[in-house]
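Enquirer: Only the shape, not the letters, is given here:
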């Protein structure tokens with residue numbers, strides 16, 4: 001089942017796309033809420049843990065799928081992985097909510113946008129679980145086609161979630177600076193140093 005083994009890579013793309021913490025914050029000066037530095041550390045830390053969980057699960061799934069004795073067993077492992085990814089996403093969303101809004105202008109609006117984007121990622125896993133449970137295992141070619149379609153769906157939805165994060169702007173740059181200075185954000189934004 002070599003083509004099935006490519007699925008976890010595509011599933012992991014959702015985690016990376018959704019973990020687009022580098023989109024920054026919203027407009028500017030301080031207001032009530034969590035300091036931008038603390039917010040960046042909390043949110044990027046939650047996203048980093050989530051991304052690591054998804055990557056680890058995807059690596060295990062890849063190995064499990066290659067060693068599956070039947071399509072039914074492969075389907076079961078795929079559904080188990082997706083259930084775990086959804087549970088991990090719920091935990092990450094709870095951690096991001098616990099951070100509270102950042103102390104910048106429109107911080108509450110920014111927090112709502114971040115939470116909604118992450119909930120979109122969770123909903124994507126939810127839809128993927130439903131589709132995975134419906135995969136037919138009586139025909140190997142039909143199963144592979146279904147898995148490929150599922151992987152494309154997750155990747156497309158992950159990219160849309162990532163684009164949502166990129167639309168979040170921080171006009172003052174205060175939150176962008178905090179994200180740029182936070183080591184936990186580096187692997188999520190693909191950037192090092194300040195912006």
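Expert: That came through, no problem. Fair warning: this is a prediction, and the values are worked out from it, not measured in the lab.
Enquirer: rest of the way, CA atoms for contacts and neighbours
Expert: OK.
Enquirer: In terms of secondary structure, what does the lengthiest helix in the chain contact?
Expert: Longest helix in the chain, counting residues (DSSP state H): helix 36-66. Helix 36-66 sits against helix 7-18, helix 71-99, helix 174-181, helix 183-189, with contacts defined as 3 or more C-alpha pairs under 8 Å, 6 or more residues apart in numbering; DSSP states H and E.
Enquirer: correct me, but residue 108 touches residue 102?
Expert: Yes. In this structure, residue 108 is within contact of residue 102 by C-alpha atoms under 8 Å, at 7.3 Å.
Enquirer: Of the two, give the one with the bigger neighbour count.
Expert: Between residue 108 and residue 102, counting by other C-alpha atoms under 10 Å, residue 102 is the more crowded of the two (26 against 17).
Enquirer: May I have the beta-bridge partners of the more buried one?
Expert: Beta-bridge partners of residue 102, counted by DSSP bridges, are residue 34.
Enquirer: for the helices and strands packed on helix 36-66, which one sits closest to residue 117?
Expert: With C-alpha to C-alpha as the criterion, residue 117 lies closest to helix 7-18 of those, at 7.4 Å.
Enquirer: which regions of the chain sit below the pLDDT cut-off?
Expert: In the predicted model, the chain carries pLDDT under 70 at residues 1-31, 164-172, 187-195.
Enquirer: If we use 80, what do you get?
Expert: 1-32, 62, 65-66, 158-173, 186-195 (pLDDT under 80).
Enquirer: Let me have the helices and strands packed on helix 36-66 in a markdown table, extended by mean neighbour count and distance to residue 148.
Expert: Below are the helices and strands packed on helix 36-66 laid out as a markdown table (neighbours: other C-alpha atoms under 10 Å; distance: least, C-alpha to C-alpha, whole Å):
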| stretch | mean neighbour count | distance to residue 148 |
| --- | --- | --- |
| helix 7-18 | 24 | 7 |
| helix 71-99 | 19 | 12 |
| helix 174-181 | 23 | 35 |
| helix 183-189 | 20 | 26 |
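Enquirer: closest to residue 149 out of those?
Expert: Closest among those, once you apply C-alpha to C-alpha, is helix 7-18, at 9.9 Å.
Enquirer: so residue 140 touches residue 70, yeah?
Expert: No. In this structure, residue 140 is not within contact of residue 70 by C-alpha under 8 Å, at 9.5 Å.
Enquirer: coming back round to it: quick one: closest of the helices and strands packed on helix 36-66 to residue 56.
Expert: Ranking these by proximity to residue 56 (C-alpha to C-alpha) places helix 7-18 first, at 9.3 Å.
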